[in-house]
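> Need coordinates for the following:
(one chain, ligands or ions: 1)
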Amino acid sequence: MMKRNITLILILLILFNIFEGKLSIEKSDKMSNMDVRAGIYVVYATSNGGIFNVTYNQMSTYSFDPEINVTIDFNGMRRWGLYSLKNRTLLAGTLKSWRYFPLWISKYIGENDSLILFNSEFKVVAKNSETITVSNETLTLIYSRFTGSLINGDIILDGKLIHLQFNRTNMKFRIRYFNEIYPDWENLTLTLRQLNYTYHKILRVYSAGKSILGRDVWVCEIPARRREANILLIDGGMHGSEVISVKAALTIVRRILVDYNNIRELENTTIIVIPMLNPDGVEVSKYLPAQPSLMLRYSRKNARGVDLNRNFNYEWEKGGTSNYDSSTFRGIKPETEPEVKTLKQILENRNITFYINLHSGINAILIPAYNVNPYLDLYLSKIARGMSNILGYEVRKGGVYGGSADWALLGKDKATLSIIIELYGDKSKISEDWFLFYNPAEAYQVNEIVDKTYYTILYVLSNLNSWKNELKAENRSILNIQVIMASIAMLTIFISITLYICKRKIQTGSS
Ligand SMILES: [Zn+2]
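The predicted structure follows:
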């Protein structure tokens, strides 16, 4: 009997583990966060012809748990509340009857899940591609699946029942781009699950960490076929507004999987791709207003308002700004952000041979730490020039203090060759919509860019060994120079001492 129980427990444990492994992609599906940022407003019409104005205001300073300041104007009455973006709870303010914010919910809440609104339990009664409906049998509220924002329903404010109907907003719904071209986090998750299933023999998908609002930062790893001598690391979506970099990173994974048997270099090279390093930023880029001055900073940065590419610990205090409102706010200290820690860990714990950091905003290849780059010859004559020939982009003097590429090359113990590819930029679109400044509007444009990027990756793969050897030789010669300098210094000291002693001897002799 005892034996049978143990066997049963073992079987259950094994099953649970397999199940857990398969389901790992779904772990973050149910979240209590909300993807709203300062600068957004939503106007509702009430059933008696009134106007119910909701404004989402500036969070005043950097906060470990990001907050949103909400103001409601209704019938000449004003209420405000400070809410946590992580779990929708009231932190301060006069909206005391709303312990949990009812106007914005998590899009990942699933059918049969429940949430607390107006001190009562609401169940998700319907969820489709456009809306999420919740009800407590008396009241019903309908939310947008695209944003998580309330579309219409009955709310209770100060004991009064008010029916709200969405009227207008300054949000810009980029539904077509995200339906037809670019993946959001949920779509990426589903795509990776599919790829993992189809290519389970050659692809590993795992979460390397979580974003501020709880989204998994997915990693795709294609291990070397025989022996791992090199690792190529690629990341996209470090700036949430630059979703072309997410698309490019994901497509590179897909193309490598398809061409797997024809890529000779995969015998000894492992590929690691992080398609979306800043999922919270990507999520809001779907609908933040079009004015760049107002909104760009929130989609570019993480949910705590930190520019991830200014938070690394290499010359951190010289990069970005200390101004929280700025689009390049570097954080209050280096390496405070979980997304940064996730990337840093991979760069530190794995023996990465080459690191490619994907961005957009211009068409260029940026050489990291240009002014102090000790391997500039190698970059100018081979790495950047070869990449430029394929991409057709100019090579520029790069270098971002507090950026990941500079840190990889010079900030960590062992230098990792790194480069930034800026995939696309169209300044003429900035007045229309910042999104189109950073990302092409048409699929064929995206395909052209991603195609070129893929061939650039193949070029990098075929040169990894020789670049690695040049880096070693360069390091050896740097080391040799150091040894020679030290020897000269020692010799000088030795000669000086000998001369001094001789002089003393001569002097003593003469007196
Ligand atoms: Zn960028």
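> need the contact list for the closest residue to Glu121 other than its chain neighbours.
Leaving aside its chain neighbours, Glu121 sits nearest to Ser114 (5.2 Å; criterion: Cβ to Cβ, 6 or more residues apart in numbering). The C-beta positions use only the backbone N, C-alpha and C, and glycine is treated the same way. Counting by Cβ atoms under 8 Å, 6 or more residues apart in numbering, Ser114 touches 121-124.
> What is the nearest of those residues to the ion?
Val124 (36.0 Å; Cβ to the ion).
> per-residue confidence for the closest one?
Looking at Val124, its pLDDT is 95.
> Wait, it touches Ile132, no?
Yes - in terms of Cβ atoms under 8 Å, Val124 counts as a neighbour of Ile132; the distance is 6.3 Å.
> Pairing partners for whichever strand in the chain runs longest, with directions?
For the chain, the strand that runs over the most residues, judged by DSSP state E, is strand 160-169. Partners of strand 160-169 in the sheet, by DSSP bridges, are strand 41-46 (antiparallel), strand 150-157 (antiparallel).
> roughly how far is the last one from the heart of the chain?
Remark: strand 150-157 is offset 33 Å from the chain centroid, using Cα atoms, centre = their mean, to the nearest Å.
> Just grab the bridge partners of the residue nearest to Glu121 for me.
Assigned bridge partners for Ser114, using DSSP bridges, are Lys123.
> who touches the helix or strand in which Asn179 is found?
Using DSSP states H and E, the element containing Asn179 is helix 175-180. Contacts of helix 175-180 with the rest of the structure, by Cβ under 8 Å, 6+ apart, involve 146, 184, 187, 286, 435, 439, 441, 443.
> Name the next helix or strand downstream of it, please.
helix 185-198.
> Using neighbour counts, pick out the buried residues of that next one.
185-186, 188-189, 191-193, 195-196 (16 or more other Cβ atoms under 10 Å).
> Which stretches in this structure count as helices?
With helices called from DSSP state H, the chain shows them at 2-23, 175-180, 185-198, 244-258, 279-285, 292-300, 338-349, 376-378, 384-391, 404-406, 434-438, 443-510.
> Any chance of the ones you listed in TSV with distance to the ion and mean pLDDT as columns?
Below are the helices of the chain laid out as TSV (distance: least, Cβ to the ion, whole Å; pLDDT from 0 to 100):
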stretch	distance to the ion	mean pLDDT
helix 2-23	33	48
helix 175-180	18	97
helix 185-198	18	95
helix 244-258	7	98
helix 279-285	10	97
helix 292-300	7	80
helix 338-349	13	98
helix 376-378	23	94
helix 384-391	16	97
helix 404-406	11	98
helix 434-438	8	95
helix 443-510	15	79
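> looking at the sheet around Leu417, what are its partners?
For Leu417, the beta-bridge partners are Phe354 (DSSP bridges).
> quick one: contacts for it?
Contacts of Leu417 by Cβ under 8 Å, 6+ apart are 353-355, 375, 378, 383, 409, 467-468, 471.
> Equivalent analysis for Phe101, please.
34, 70, 81, 83, 88-90.
> do the same with Thr270
221-224, 228, 230-232.
> Those: which ones sit near the ion?
With the criterion set as Cβ under 5 Å from the ion, no member of those is near the ion.
> Is it possible to mark the buried ones in these?
By 16+ other Cβ under 10 Å, the contacts of Thr270 give 221-222, 224, 230-232 as buried.
> rewinding a little: which residues are in contact with each of Val124 and Ile132?
Taking Cβ under 8 Å, 6+ apart as the criterion, Val124 and Ile132 both touch Ile109.
> So the two - more neighbours on which side?
Shown here are Val124 and Ile132; by other Cβ atoms under 10 Å, Ile132 has more neighbours (24 against 18).
> Provide a list of residues in contact with the more buried one.
Ile132 is in contact with 105, 107, 109, 124, 126, 142-145, 148, counting by Cβ under 8 Å, 6+ apart.
> Distance of it relative to Val43?
With distances taken as Cβ to Cβ, to the nearest Å, Ile132 is found 21 Å from Val43.
> Over to Met490?
78 Å.
> higher neighbour count, the two?
Val43 (16 against 10).
> for stretch 325-337, which positions count as buried?
For stretch 325-337, by 16+ other Cβ under 10 Å, it's 327-331, 334, 337.
> would you turn these into JSON lines with pLDDT and distance to Ser211?
Output for the buried residues of stretch 325-337, formatted as JSON lines (pLDDT from 0 to 100; distance: Cβ to Cβ, whole Å):
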{"residue": "Ser327", "pLDDT": "92", "distance to Ser211": "18"}
{"residue": "Thr328", "pLDDT": "95", "distance to Ser211": "19"}
{"residue": "Phe329", "pLDDT": "95", "distance to Ser211": "17"}
{"residue": "Arg330", "pLDDT": "97", "distance to Ser211": "18"}
{"residue": "Gly331", "pLDDT": "96", "distance to Ser211": "15"}
{"residue": "Pro334", "pLDDT": "97", "distance to Ser211": "19"}
{"residue": "Glu337", "pLDDT": "98", "distance to Ser211": "9"}
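> Out of those, name the two that are farthest from one another.
Ser327 and Pro334 (18.5 Å; Cβ to Cβ).
> Of the contacts of Leu417, which qualify as buried by neighbour count?
Among those, those classed as buried by 16+ other Cβ under 10 Å are 353-355, 375, 378, 383, 409, 467, 471.
> And the residues you listed, which is closest to Leu213?
Closest to Leu213, out of all of those and judged by Cβ to Cβ, is Tyr355, at 25.9 Å.
> Excluding chain neighbours, what is closest to that closest one?
Tyr355 sits nearest to Ser418 (Cβ to Cβ, 6+ apart), 4.1 Å away.
> What of Gln291?
In space, Gln291 is closest to Trp434, 7.5 Å off (Cβ to Cβ, 6+ apart).
> since we're on the one you found, how many residues are nearby?
Neighbour tally, Trp434, other Cβ under 10 Å: 24.
> With Tyr454 instead?
For Tyr454, using other Cβ under 10 Å, the count is 18.
> so it sits right up against Leu250, yeah?
No - with contacts counted by Cβ under 8 Å, Tyr454 stays clear of Leu250, the gap being 11.5 Å.
> Could you check how far the residue of the stretch 1-150 of the chain found nearest the ion is from Asn48?
Nearest residue of the stretch 1-150 of the chain to the ion: Arg37, at 17.9 Å (Cβ to the ion). When Cβ to Cβ is the yardstick, Arg37 and Asn48 sit 31 Å from each other.
> These two - which one has more neighbours?
Legend: neighbour count by other Cβ under 10 Å for Arg37 and Asn48, higher for Arg37 (26 against 8).
> What's the per-residue pLDDT of the more buried one here?
On the pLDDT scale, Arg37 is placed at 94.
> doesn't Leu296 make contact with it?
No - in this structure Arg37 lies outside contact range of Leu296 using Cβ under 8 Å: 10.9 Å.
> Now for these two: what residues contact both?
Leu288.
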